[in-house]
Structures are given as structure tokens and as C-alpha cells.
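Enquirer: here is a sequence with its predicted model. Questions after.
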Amino acid sequence: QVQLVESGGGLVQAGGSLRLSCAASGRTFSSYDMGWFRQAPEKEREIVARISWSGSKTYYGDTVKGRFTISRDNAKNTVYLQMNSLKFEDTAVYYCAAARTGVPSYDYWGQGTQVTVSS
């Protein structure tokens, strides 16, 4: 069982930066790939980024490539999402999730944190 708690969301002007954190409970955090997703009002949830259990592999959605960076600290049971050059269209609720290594689907989800980018 893994419990996930996101933090770091807030209101930021376009062009600014935010760093989201996702703290995980449980001793098996380092065995999970981790992902960040987002969902804007009236839009489908989309994947933002994913990182392998070791941190050696990352994946980014096309809309955030070059602006967002996912990272993790297994010693702290935490995954991060550094968001730079934020745009109005990045406004959404951001969720972190845990997936068994190599498995596309996610088993555990956080409650989400709101990111609002003002234009």
C-alpha cells in the first residue's frame, strides 16, 4: 500500500515557476515508477511526466517537454515536478501516481494539488 500526498500548488503568473512535491508513505516507494498527471476543467486527464523507479528513465508529455522536469529522491520517498515557463494552459489539478515498474497502469493516486497560472 502506498499513500501519496501532493503539495506545492498555487497561483503563479505566466512565465513563472512552481515545484510540486509528492510525498509517499510505505517502504516500497523505490520499487514504483512515479507519474504526474493533470486535469483541467472539462478536459480529460493527461499524463505530464513519468520517472522510473531508479530515476534513470523519464518521459514527458509533448505539451510540457523542455519546460517541466520530473525527479525523485528515494531516500525521502518524494517525487518532484519542477515547472518552468508556465503558461495559462498549464492551469489544472495536478496528481501524482504510482505504478509497478514497467506496468502502464497506475495503482495509487494522490488527492491532487491545484495549479493556477494567470495570464
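Expert: Received, thanks.
Enquirer: every contact and neighbour count from this point should use C-alpha atoms.
Expert: Noted.
Enquirer: the most centrally placed residue in the chain and residue 12, how far apart?
Expert: With distances taken as CA atoms, centre = their mean, residue 36 lies nearest the centre of the chain, 2.6 Å away. Per CA to CA, to the nearest Å, residue 36 is found 19 Å from residue 12.
Enquirer: my guess is the residue nearest to the centre of the chain meets residue 93, correct?
Expert: No. Counting by CA atoms under 8 Å, residue 93 is not a contact partner of residue 36; they are 10.4 Å apart.
Enquirer: next up, the contacts around residue 76.
Expert: residue 23 (CA atoms under 8 Å, 6 or more residues apart in numbering).
Enquirer: residue numbering should commence at 41 henceforth.
Expert: Got it, first residue is 41 now, which makes that one residue 116.
Enquirer: what about it, distance to residue 43?
Expert: 14 Å.
Enquirer: again, but for residue 52
Expert: The gap separating residue 52 from residue 43 is 27 Å, by CA to CA.
Enquirer: so the residue lying closest to residue 118 once chain neighbours are set aside, which state does it fall into?
Expert: Nearest non-adjacent residue to residue 118, counting by CA to CA, 6 or more residues apart in numbering: residue 63, 4.6 Å away. Secondary structure state of residue 63, per DSSP: H, G, I helix; E, B strand; the rest coil, is strand.
Enquirer: just give the number of residues close to residue 63.
Expert: Around residue 63 there are 19 other residues, counting by other CA atoms under 10 Å.
Enquirer: likewise residue 66?
Expert: 11.
Enquirer: in a strand, it, correct?
Expert: No. Secondary structure of residue 66 (three-state DSSP): coil, not part of a strand.
Enquirer: helix or strand right after the host helix or strand of residue 60?
Expert: Under the criterion of DSSP states H and E, residue 60 resides in strand 58-64. Beyond strand 58-64 on the C-terminal side, the first helix or strand identified by DSSP H and E is strand 72-79.
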